[in-house]
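In: With the sequence up front, the predicted model follows.
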2 protein chains.
Amino acid sequence: MPQMAIQGIIQAQTNIQHLGPFGKQVNEWIQQEVAATAATIASELNVPRETITLTENVTSGCNIAMWGIDWRSGDHLLLSDCEHPSIIAMAQEIARRFDVEVSICPLMLTLNEGDPAEVVAQHLRPHTRLVALSHVLWNTGQVLPLARITEVCRNNSQKTQILVDAAQSVGMLPLNLSELEVDFYAFTGHKWLCGPGGVGGLYVKQEIRDNLRPTFIGWRGVITDDQCQPVELQPDGRRYEIATSNYPLYVGLKEAIQVHQQWGTARERYEQICRNSEYLWHKLTELDHVECLRSSPPESGLVSFKLDTSEPQASKKLVIYLESQGLLTRSILAPDCVRACVHYFTLESEIDQLIAQIQKFERN
Amino acid sequence: MPQMAIQGIIQAQTNIQHLGPFGKQVNEWIQQEVAATAATIASELNVPRETITLTENVTSGCNIAMWGIDWRSGDHLLLSDCEHPSIIAMAQEIARRFDVEVSICPLMLTLNEGDPAEVVAQHLRPHTRLVALSHVLWNTGQVLPLARITEVCRNNSQKTQILVDAAQSVGMLPLNLSELEVDFYAFTGHKWLCGPGGVGGLYVKQEIRDNLRPTFIGWRGVITDDQCQPVELQPDGRRYEIATSNYPLYVGLKEAIQVHQQWGTARERYEQICRNSEYLWHKLTELDHVECLRSSPPESGLVSFKLDTSEPQASKKLVIYLESQGLLTRSILAPDCVRACVHYFTLESEIDQLIAQIQKFERN
């Protein structure tokens, strides 16, 4: 987290302590901050503020979409083979409760050749109700051609909607969701946006909001009458918000986004990310026992590579070694690899350090 | 929040910044803190740690229970007439989705006479699947006789379960949920426990866990295999937890609870709360144009009273005036009243100040 975000959180917390946690003044302040946070997020996604729901994390956002659909027995739900276990668990539970068919389309193999949109098209069915996939695949770092996949879904059926797990894309890719035409786009603030853990959001396309009921529901999602009875849903994305959150965290996320926006536009940041990942990718390809999953420079800040060794759990061991040297990467199970992340603010010297440590690990 | 809680949050945040937000070391630390927080909460409720789910707030806990029940068309859901709009909104949505009948039993009138358990008994139906009510009513401060209400539900049908909105009871009443035999008990850490906003929890009775599926679901609720595929639910209350939370807040809540536990046992704290609310109640009854809703000293730290005046919105005006004087109370719409809270650490001098300001308001 940038210092500005940390300071924002502490100041907001101090302010709440000063005003008292409950009361007119603090409530007005909270409402203002909630609106400002949603507006700042909306500016990153290029969408109207009304389409944004604040959630605790990306998974909660996916759940809102998944459970809000009025599933019918026999409906089909399509996932890719590169989805996070959270989404898979959701799909399993939806299948169980509503007698929905779940199938998986193989996108992992399209990292270096083939057309993901084509693969999705081949796996759609007449009753496909939802396609759930990631914009940036968390394991291989591949950026999916979302505009074309959305088009393929639209052409399949009026009823085929698309839910995007944007855990790895918000804060990394320049986005214009108004143009992308996706139905649901769920994200978190604590990865590429560098905000605090515990705040994320969901974009729901304006035209479909009236048909997506809230599932988990609470006072933040409803309007009450003079007897404190809920009489209708909030007219905008707030209808999917539930109840009390830690509002200082919202301030932290807003501040973090503003730090990024001051550095440069989303496109400028993305271009710098790509320059950094290309630099890392080149350095990695030069190493003897390392193979990058991508055969050309990555289109994202995720650079996944495997170790050419017969040693069991080599990826895991490398990651643990790197952590001991102050370098944070992670091992991925499927496909078995190590994933490094470079942001726009990652320094060449840091990448050089990573490379040097991988070499050192290999020699031992 | 106590200083210890604030310091705990800041230190935890600093620690995460130091270790890095993702990695083996920080994950181990997080797992430890999550377990310690659940254990500390469990010690307040006198239940095994395994029955506790950490949530963002009380409303999320209620939603887990409400949406986890396998409702059948024609099932009946009984609420009291003193429930929070969040629960009412949930009931409305459950009714809509599953064709469930919702009805309301009048408990507000039992504040000074009558037997709430008897009223609940009269409103149960053969198909009552769930009774949802608060342990301490948020509007009048009444403490419901939960043991007897639970007995009444048990006698109605094996299938009649009870969900308790414990927003106002956890941290106020001495609790032994193992003895109480309730099915679901949802609470928040930011009210009577004085923790940060954004952390709460849910107790689910051990015997019924296997029959309550998670609805919103994510990586924290499942166990994955060596291909990162979810293969089963967590064996304990973690199965209802979703994904990334702000873990420093957990530390804050844990520290806040420890401050209380150092002051005294839950019973000692409750007795001091009652001494304070009795003092306030006496002082209020001595005022000319004020009428306490209770005709005898309250059994809780919530003291609700109305103003004997024909002036419109008098309650709201008084609350705004009091806030301008640094005294935080709140106006309640149904019944129309002002609600004051006294905790065990509230000073007599603070209560005297409140009384003096109410008198001053009345003179103007």
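Out: Great, that's in hand.
In: Mind naming the longest helix for chain A?
Out: Among all segments of chain A classified by DSSP state H, the helix with the greatest residue count is helix A:24-45.
In: so what secondary structure elements neighbour that helix?
Out: Contact here means 3 or more CB pairs under 8 Å, 6 or more residues apart in numbering or on different chains; DSSP states H and E; on that basis helix A:24-45 packs against helix A:3-19, strand A:52-55, strand A:200-204, helix A:247-263, helix B:314-324. Backbone N, C-alpha and C define where each C-beta goes, glycine included.
In: Let's have the ones you listed in JSON lines, adding mean neighbour count, mean pLDDT and distance to B:N57.
Out: Below are the helices and strands packed on helix A:24-45 laid out as JSON lines (neighbours: other CB atoms under 10 Å in any protein chain shown; pLDDT from 0 to 100; distance: least, CB to CB, whole Å):
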{"stretch": "helix A:3-19", "mean neighbour count": "18", "mean pLDDT": "96", "distance to B:N57": "16"}
{"stretch": "strand A:52-55", "mean neighbour count": "28", "mean pLDDT": "98", "distance to B:N57": "13"}
{"stretch": "strand A:200-204", "mean neighbour count": "29", "mean pLDDT": "98", "distance to B:N57": "16"}
{"stretch": "helix A:247-263", "mean neighbour count": "22", "mean pLDDT": "98", "distance to B:N57": "12"}
{"stretch": "helix B:314-324", "mean neighbour count": "18", "mean pLDDT": "97", "distance to B:N57": "23"}
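In: Get me the contact residues on the stretch 101-250 of chain A for chain B.
Out: The stretch 101-250 of chain A has residues A:188, A:190, A:196-200, A:213-219, A:221-222, A:224, A:226-230, A:242-247, A:249 near chain B, with proximity defined as CB under 8 Å from any CB of the partner chain.
In: Which ones among those residues map onto helices?
Out: Per DSSP H, these map to helices at A:247, A:249.
In: Among the residues of the stretch 101-250 of chain A next to chain B, which lie within strands?
Out: A:188, A:200, A:222, A:224, A:230 (DSSP state E).
In: What separation is there between A:L333 and B:E232?
Out: 17 Å (CB to CB, to the nearest Å).
In: and the closest residue to chain B within the stretch 1-150 of chain A, how many neighbours?
Out: Proximity of the stretch 1-150 of chain A to chain B (CB to the nearest CB) peaks at A:T59, 3.6 Å away. Applying other CB atoms under 10 Å in any protein chain shown, we find 29 residues neighbouring A:T59.
In: pLDDT on the host helix or strand of it, on average?
Out: According to DSSP states H and E, A:T59 maps onto helix A:58-68. Averaging pLDDT along helix A:58-68 gives 98.
In: Can you name the residues in contact with that helix?
Out: Helix A:58-68 has contacts (CB atoms under 8 Å, 6 or more residues apart in numbering or on different chains) with A:53, A:55, A:86-87, A:90-91, A:94, A:130, A:132, A:163, A:165-167, A:183-184, A:186-188, A:200-202, A:204, A:212-216, A:240, B:67, B:215-219, B:242-244.
In: Narrow those to those that are buried.
Out: Those of these that meet the buried threshold are A:53, A:55, A:86-87, A:90-91, A:94, A:130, A:132, A:163, A:165-167, A:183-184, A:186-188, A:200-202, A:204, A:212-216, A:240, B:67, B:215-219, B:242-244, by 16 or more other CB atoms under 10 Å in any protein chain shown.
In: SS state for A:V131?
Out: The local conformation at A:V131, judged by DSSP: H, G, I helix; E, B strand; the rest coil, is strand.
In: Verify the contact between it and A:V164 for me.
Out: No: if you go by CB atoms under 8 Å, A:V131 and A:V164 don't touch, sitting 9.2 Å apart.
In: Have a look at those two and say which one is more surrounded.
Out: Between A:V131 and A:V164, counted using other CB under 10 Å, the more crowded position is A:V164 (29 against 26).
In: Name the SS class of that one, please.
Out: Under three-state DSSP, A:V164 falls in the strand class.
In: what's the offset of the helix or strand of chain A with the lowest mean pLDDT from the middle of its chain?
Out: When the helices and strands of chain A are compared on mean pLDDT, DSSP states H and E, helix A:177-180 comes out lowest with a mean of 94. For helix A:177-180, the separation from the chain centroid amounts to 16 Å (computed by CA atoms, centre = their mean, to the nearest Å).
In: And it, what does it pack against?
Out: helix A:146-156.
In: buried set for the helix it packs on?
Out: Using 16+ other CB under 10 Å as the test for burial, helix A:146-156 gives A:146, A:149-150, A:152-153, A:156.
In: Just the residues contacting it, thanks.
Out: Here helix A:146-156 makes contact (CB under 8 Å, 6+ apart) with A:116-117, A:120-121, A:124, A:126, A:128, A:131, A:133, A:135, A:160-162, A:164, A:179-182.
In: What average pLDDT does it get?
Out: On average, helix A:146-156 scores 97.
In: Can I get that helix in PDB, CA atoms only?
Out: Below are the C-alpha coordinates for helix A:146-156, written out as PDB (Å, rounded to 0.1, in the frame of the first residue of the first chain):
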ATOM      1  CA  LEU A 146     -13.000 -10.100 -23.700                       C
ATOM      2  CA  ALA A 147     -14.700  -8.000 -26.400                       C
ATOM      3  CA  ARG A 148     -14.700 -11.000 -28.800                       C
ATOM      4  CA  ILE A 149     -15.800 -13.400 -26.100                       C
ATOM      5  CA  THR A 150     -18.600 -11.100 -25.200                       C
ATOM      6  CA  GLU A 151     -19.700 -11.000 -28.800                       C
ATOM      7  CA  VAL A 152     -19.600 -14.700 -29.100                       C
ATOM      8  CA  CYS A 153     -21.900 -14.900 -26.000                       C
ATOM      9  CA  ARG A 154     -24.300 -12.300 -27.400                       C
ATOM     10  CA  ASN A 155     -24.500 -14.300 -30.600                       C
ATOM     11  CA  ASN A 156     -25.300 -17.500 -28.700                       C
END
